[in-house]
Structure formats: structure tokens, C-alpha cells
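In: Predicted model and sequence below, questions to follow.
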Amino acid sequence: MSERSQRRRQSRRTQWCAPDPDATFVSVDGLRVHYRRTGQGRPVLLLHGSGSSLHGMEQVAELLSATGEFEVVRPDLPGSGFTGPRADRDYRVRTYASTLARFMAALGLPAYAVMGNSLGGNIAWNLALDHPERVTDLVLVNATGYPEKSLPRGLRLARNPLLGPLLRRWLPRAATARNLRALVGPGSTLVDDDLVDRVHTLMSRPGNRSAFVDLANTQQADRSAEIARISVHTLVLRGPGVDGQHFARDIPGSVELVHRDGGHLLPEEDPHWVAGAAAHFLGVPGEAR
């Protein structure tokens, strides 16, 4: 690698070592939750997946905000990004949902649509079950929550009794790159040095790797039998290879769209498709739902 390339890589890594000078935080449940808030209009909460950060939803947020119809809020979930780990190490999905309900209340937003990718989608539908008075609409992007869902490689490694403890202390950059490549669709060019540096540097922040291991080893309650009770306006977006998820079957009146070749990281692989589908869906008048 040339000296110029080395300087450029170091510059990228440094970018993710600390929040921007204008970063915003709010205190909730003993955490300083890092978040971004853009646009004006109907509130939409965007939730990223495990091992990611609010940056994974950045392009979708920009596209939704640019419509002039939506106020978009995207936090770093507990254990991720610049929010960092929970002191109580409680990474149950229902705990995430409760924290996010209080987070939105702290921002003065009592009702909102929620879009979540992967773990974020799991949190989103749990939020709709536990706080139906708050959630007006759901957009589930490769969401999880059914017990038959296969685990991504990173979560499988974190559950390994030998590798999990090692992961708390050390994560090779090459392993981050392999995990990301396994998550995208065939032929995707998304995973480049910039993405790997971002994800790897943020995952390497103090406590975040341990939080990921804690999340992977948390015994989550199986609430899949309750999914049919979800009554809010729901759009299901998924890649063709997503398995073991039945939201379109189980949520009454839900609409499903399948991307032709996307993988698990649809909000970054094809943000225009995700944002366009969501904007169209959220624009449907209440009478037509």
C-alpha cells in the first residue's frame, strides 16, 4: 500500500473515532443516545441493525427528508455507534423498544412511523405491540423475530463459547469485511474500504464489541405468535434470500415488496428503492389503508 493510501485510510478511520462537533445527544435510561434529526413533516424513526450505526440509514434519511414530508430521527442503538453500551447489559428486544419509546418522548414526539432494518425491524414491531398508541406505521426491512430465522455469520461467531470471549477483546478488520460481504446481495459493490473502516472503527469503540457479544447471547423471548396482533399500517421490504420471516403472512393488511437481488443491508445497497417504497407507502391517506 502506498504512503498516500495509508494516509487516506488513517483519515477515514479517524473520522469515525469521535462524534462530529455538532453531534446531538439526549439522556435516556442512563445512556447518552446519539442521534440525528432532519427534515420537517410527519415523524419517522429509523432503526439500524446489529453491528451497524445510524450511518447505515443515512442515505434513506436524506432521501426521505428531501421530500419535504418527513421529519426523520435516527439514533445509534444502545451498544452501537456513539451511544455505546448499556451499563446493565440488558439487550432484550423489548428493552430496546422501551428505551426508544422514552427516547422519542424525550424529543417531544409522541407518535411516529418506524422503519427498522434487521434487529431494528425486530425492535420496530415490538414497539408497535407494546406501544400501539405511539406507532402510526411500520416499515420492516429484512426484519427479524421469528425463531426459524438463520443467524448472520457475525452473530454465530459471537455465540461461540471460544470465539465470543475473544471477540470482546479483538476483532480483525478482515473479519469485519468478510461479515459485511456475506450480508449483501450477489454482485453488490457496496462493501468497500470506506464501509469496512466505518463499521470496524465504530464496532471497536469502547464497549461496543462486548455489547454485540452480549446481544448475541441474550435469550430473546419468542413473540412471533403475537405478530398477528399488530394492527398498524405495515410495509414489508425484503431481499429474495431472506428466510424464515412471515410478516406479510401474519400482519393483517400488510403489503410486501421483494427486491430483485438485494441482500440484508437493503438501506445501504439500494437506498432509493427503500426510501421510494417507504415514502409512497407512508403517503397513503388513512382512509385508504
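Out: Nice, I can see it. These figures come from a predicted structure and were not determined experimentally.

In: By average pLDDT, which secondary structure element in this protein comes out worst?
Out: helix 3-15 (a mean of 56; mean pLDDT, DSSP states H and E).

In: just checking, next helix/strand downstream of it?
Out: Going down the chain from helix 3-15, the next helix or strand is strand 24-28, by DSSP states H and E.

In: Can you point out the buried residues in the helix or strand that that following strand is followed by?
Out: Counting by DSSP H and E, the next helix or strand C-terminal to strand 24-28 is strand 31-39. By neighbour count on 16 or more other C-beta atoms under 10 Å, the buried set for strand 31-39 is Leu31, Val33, His34, Tyr35, Arg36, Arg37, Gly39. For glycine as for every other residue, the C-beta is placed from the backbone atoms N, C-alpha and C.

In: hmm, who's touching whatever helix or strand comes next after strand 31-39?
Out: Counting by DSSP H and E, the element after strand 31-39 in chain order, helix or strand, is strand 42-47. Contacts with strand 42-47, where a contact means C-beta atoms under 8 Å, 6 or more residues apart in numbering, come from 54, 57, 60-61, 64, 69-75, 77, 100, 104, 109, 111-117, 119-121, 123-124, 136, 278, 282.

In: Filter those residues down to the ones in strands?
Out: 70-75, 112-117, 136 (DSSP state E).

In: In TSV: those residues, plus pLDDT.
Out: Conversion of the ones in strands among the contacts of strand 42-47 to TSV gives the following (pLDDT from 0 to 100):
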residue	pLDDT
Phe70	97
Glu71	97
Val72	98
Val73	98
Arg74	98
Pro75	98
Tyr112	98
Ala113	98
Val114	98
Met115	98
Gly116	98
Asn117	97
Thr136	97
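
In: Tell me the one of these nearest Gly145?
Out: Gly116 (10.3 Å; C-beta to C-beta).

In: CSV please, covering the buried residues of strand 31-39 and showing distance to His48 and pLDDT.
Out: Below are the buried residues of strand 31-39 laid out as CSV (distance: C-beta to C-beta, whole Å; pLDDT from 0 to 100):
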residue, distance to His48, pLDDT
Leu31, 16, 97
Val33, 13, 98
His34, 12, 98
Tyr35, 11, 98
Arg36, 11, 97
Arg37, 15, 97
Gly39, 18, 96
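
In: Mind putting those into a markdown table with distance to Gly81?
Out: Listed next are the buried residues of strand 31-39 as a markdown table, based on distance: C-beta to C-beta, whole Å:
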| residue | distance to Gly81 |
| --- | --- |
| Leu31 | 11 |
| Val33 | 10 |
| His34 | 6 |
| Tyr35 | 10 |
| Arg36 | 11 |
| Arg37 | 15 |
| Gly39 | 20 |
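
In: which residues does Pro75 contact?
Out: Per C-beta under 8 Å, 6+ apart, neighbours of Pro75: Val33, His34, Tyr35, Leu45, Leu47, Leu54, Thr83, Leu100, Phe103.

In: which among those residues gets closest to Ala177?
Out: Leu54 (21.1 Å).

In: Against Thr234, how distant is that closest one?
Out: 23 Å (C-beta to C-beta, to the nearest Å).

In: in the stretch 51-200 of the chain, which spans are helices?
Out: In the stretch 51-200 of the chain, the segments counted as helices under DSSP state H, counting those that start in this stretch are 58-66, 93-106, 119-130, 153-159, 163-169, 173-183, 193-203.

In: Now do the fifth one: which elements does it pack against?
Out: I take that to be helix 163-169. If you count contacts as 3 or more C-beta pairs under 8 Å, 6 or more residues apart in numbering; DSSP states H and E, helix 163-169 packs onto helix 153-159, helix 208-216.

In: What of the longest one?
Out: Judged by 3+ C-beta pairs under 8 Å, 6+ apart, the packing partners of helix 93-106 are strand 24-28, strand 31-39, strand 42-47, strand 70-75, helix 119-130.

In: buried stuff in that helix?
Out: Val93, Arg94, Thr95, Tyr96, Ala97, Ser98, Thr99, Leu100, Ala101, Phe103, Met104.

In: hang on, isn't the second one packed against Glu226?
Out: No: between Arg94 and Glu226 there is no contact under C-beta atoms under 8 Å: 11.2 Å.

In: residue contacts, Gly39?
Out: Gly39 makes contacts with Ala61, Leu64, Ser65, Ala66, Thr67, Gly68, Phe70, Glu71, Val72, as judged by C-beta under 8 Å, 6+ apart.

In: Quick one: residues in contact with stretch 172-182.
Out: By C-beta under 8 Å, 6+ apart, the list of residues contacting stretch 172-182 reads 51, 152-154, 157, 190-191, 195-196, 199-200, 203, 265.
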